[in-house]
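Undergrad: Build me a structure from this.
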Amino acid sequence: MKRILISLIAIVTSAVLFSQPLQRVSPEKAGMDPNRLVRVDNIINSSIEKGEIPGAVLAVVRDGKMAYIKSYGNKALYPKIEKMEVNTIFDMASVSKPVGTAISIMQLVEQGKLRLSDNVAMYIEGFKGYLDTETGKSIDIRIVDLLTHTSGLPPYAPAAELVAKYGSPSPQGLIEYIATCKRDFRPTTKFQYSCLNFITLQNVLQNITGVKLQDYTQKNVFDVLGMSYTTFNPKPELYNMIAPTEKQKDGTVILGLVHDPLARLLNGGNSGNAGVFSNADDLAILAAALMNGGEYNGKRVLGNLTVETMTRVPAEVSAMGRSLGWDNYSSYASNNGNLFHPTKTFSHTGYTGTSLVIDPVSKTAVILLTNRVHPEDKGSVVRLRALVANVVAGSIVK
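TA: The predicted structure follows:
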C-alpha cells in the first residue's frame, strides 16, 4: 500500500512539474540588458494610447527560459473594460498554421506516412493540379507547395457563397471547392499566401490519420508539451480567460469562437488555416522546444532534423522566403525586425494581432499577442511588431 501511495505521489508530482511554464529568470541572467529591454514597455503602451490595440501580452524567451513576460492595457473594451493579464488566451488566427497544422504534418513526414514531394491528389480524391495551357499537361501540386505557399491556390474562398451553397458548417463542401477551384499559377513559380493551402493540409492529415486535426494536434503536440491552455474550440470554462475579438452587428462580440470566417463558418473551428487558441506561457514552451531540436522538458514532438528541415527555406523556392509552415524572409516577414538573423529566423503572424518570432541563432523568441480586431477591425500592429523585435534583439548583450 505504501509503495502504491509513493508511486501515485510521484506521478502527480511529475505531472504538476511538467505542466509548469518555462523557468522565469531576470533579463541579466538571460544575457540581456534590462535597461534596453524595458524600452518595449513605452512602445507597446504608445500603441495602446494611439488606439491601435486595446492591450497586449509580451513574452521573451532566451535559451529556454522566460526572460520577460508582461501584460499591457485591456483584453476587452466592450461590452465592459477588462484588464489584460499575462495568462490571457488569444485567438491565434494564422499562427495556427505552423503551430497546429505544419508541426502535425511534419510528424507524419517523419513517421513515414507521407512525403513532402507527394502529389496532394494521392490523399484528396479529385484534387486537381495546375493545367499547363501550352502543353495541356496537368502539373502536380505537392505537399511542400502547400507548406511554402507556392501551390498556386487562391488566397481565400468566398465564405458567404459557400455557406449559401453547402450550409454551415460544411467542411466537405469547402474541400470540394478547393479541390477544383481555379489555380492562379504553376506551382513553385510564385509566392501567394493562401489559407486554402493549410485547409488542404488539414484534409490530407485527416484522411491519413482518420481523426480531426484538432484532436490529432491536441494529443500529439499540445498535450505532449504540457501546453495547458492551447486548444482548438476552447471549452466555455475557459471563456473568462479569452480575449474577445470583433464586435458583431447584433452587439455581441466573438468570444471563444475563431474569428476567421472560413474556419468558423465552414470548418466549425477545426481548421488548418486558423482556430488555435493559446497564451504566452504555452507558446513560450513551444518556442523553447523548437529551439531545442523539438524537445522540451524531456518531451519530444519533432526530431532534430525535422525541425531543421521545417524551418529552412527549400532551395527550389529560395527566392520566396517561406519555409515549411513558417515565414523566414518573404514580403510578409517585417515582424522579424531588422536585427535577428536575416535568413534563419522563422516566424508567423495572425490576423487578429498575434505573432511569434524565433531566432535559433541567438536562441531568442518574441511572442507578441494582441487582439487588434477588438472591438472593431481597425487596429494595426505591423510596425509595432518590428519595433518590439528590434528592441528585444538590441537588448541581447551575451
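
Undergrad: Nearest residue to residue 248 in space, please, no chain neighbours.
TA: Distances taken as Cβ to Cβ, 6 or more residues apart in numbering place residue 254 nearest to residue 248, at 6.7 Å, with adjacent residues excluded. C-betas here are computed from N, CA, C, even on glycine.

Undergrad: Run a quick neighbour tally on the one you found.
TA: Residue 254 has 18 neighbouring residues, counting by other Cβ atoms under 10 Å.

Undergrad: That one and residue 379: what is the separation?
TA: Residue 254 is 15 Å from residue 379, where distance means Cβ to Cβ, to the nearest Å.

Undergrad: Can you report phi and psi for the residue nearest the centre of the chain?
TA: The residue lying closest to the centre of the chain (Cα atoms, centre = their mean) is residue 95, at 2.1 Å. Backbone torsions for residue 95, taken as degrees, to the nearest 10, come to phi -60, psi -20.

Undergrad: If we ignore the residues flanking it in sequence, what's nearest it?
TA: Among residues not flanking residue 95 along the chain, residue 350 sits closest, at 4.3 Å (Cβ to Cβ, 6+ apart).

Undergrad: Residue 307 now?
TA: residue 294 (4.7 Å).

Undergrad: which residues touch that neighbour?
TA: Residues in contact with residue 294 (Cβ atoms under 8 Å, 6 or more residues apart in numbering) are 300-304, 306-307.

Undergrad: ok, now residue 131?
TA: 137-139, 183.

Undergrad: State the phi and psi torsions of it.
TA: phi -90, psi 110.

Undergrad: Low-confidence ranges, the chain, go.
TA: Within the chain, the segments meeting pLDDT under 70 span 1-19.

Undergrad: 80 instead?
TA: Low-confidence segments of the chain (pLDDT under 80): 1-20.

Undergrad: Can you point out the buried residues in stretch 319-328?
TA: Within stretch 319-328, the residues that count as buried by 16 or more other Cβ atoms under 10 Å are 320-328.

Undergrad: what about that stretch, how long is it end to end?
TA: Criterion Cα to Cα, to the nearest Å; first-to-last residue distance in stretch 319-328 is 11 Å.

Undergrad: do stretch 125-141 as well
TA: 13 Å.

Undergrad: Contacts for stretch 71-84, please.
TA: Taking contacts as Cβ under 8 Å, 6+ apart, the residues outside stretch 71-84 that touch it are 41, 44-45, 48, 53-58, 85-86, 88, 243-244, 247, 251, 253, 371, 374-375.

Undergrad: buried residues in it?
TA: Neighbour-count burial for stretch 71-84, with 16+ other Cβ under 10 Å as criterion, is recorded at 71-77, 82, 84.

Undergrad: What is the nearest of these to residue 110?
TA: Here the nearest of those to residue 110, counting by Cβ to Cβ, is residue 71; it sits at 36.6 Å.

Undergrad: Please tell me how far that closest one sits from residue 41.
TA: Counting by Cβ to Cβ - residue 71 and residue 41 are separated by 11 Å.

Undergrad: Same question for residue 338.
TA: 20 Å.

Undergrad: ok, now residue 372?
TA: Note on residue 372: its distance to residue 41, by Cβ to Cβ, is 18 Å.

Undergrad: Compare these two and say which is more crowded by neighbours.
TA: residue 372 (24 against 14).

Undergrad: residue contacts, the more buried one?
TA: 52-54, 352-353, 379-381.

Undergrad: Give me the buried subset of the residues you listed.
TA: Buried by 16+ other Cβ under 10 Å: 52-54, 352-353, 379, 381, out of the contacts of residue 372.

Undergrad: Between those, which sits nearest residue 200?
TA: Out of those, the member with the shortest distance to residue 200 (by Cβ to Cβ) is residue 352, at 22.2 Å.

Undergrad: just checking, the closest one is part of a strand?
TA: No - going by DSSP: H, G, I helix; E, B strand; the rest coil, the assignment for residue 352 is coil, not a strand.

Undergrad: Can you tell me the closest non-neighbouring residue to it?
TA: Per Cβ to Cβ, 6+ apart, closest to residue 352 is residue 93, 4.3 Å.

Undergrad: How many residues are close by the one you found?
TA: Look at residue 93: counted by other Cβ under 10 Å, it has 26 neighbours.

Undergrad: pretty sure it contacts residue 355?
TA: No - under the criterion of Cβ atoms under 8 Å, residue 93 is not in contact with residue 355, lying 9.9 Å apart.

Undergrad: Show the contacting residues for the closest residue to residue 155 other than its chain neighbours.
TA: Closest residue to residue 155 apart from its sequence neighbours, by Cβ to Cβ, 6+ apart: residue 194 at 4.9 Å. By Cβ under 8 Å, 6+ apart, residue 194 lies in contact with 149, 151, 153-156.
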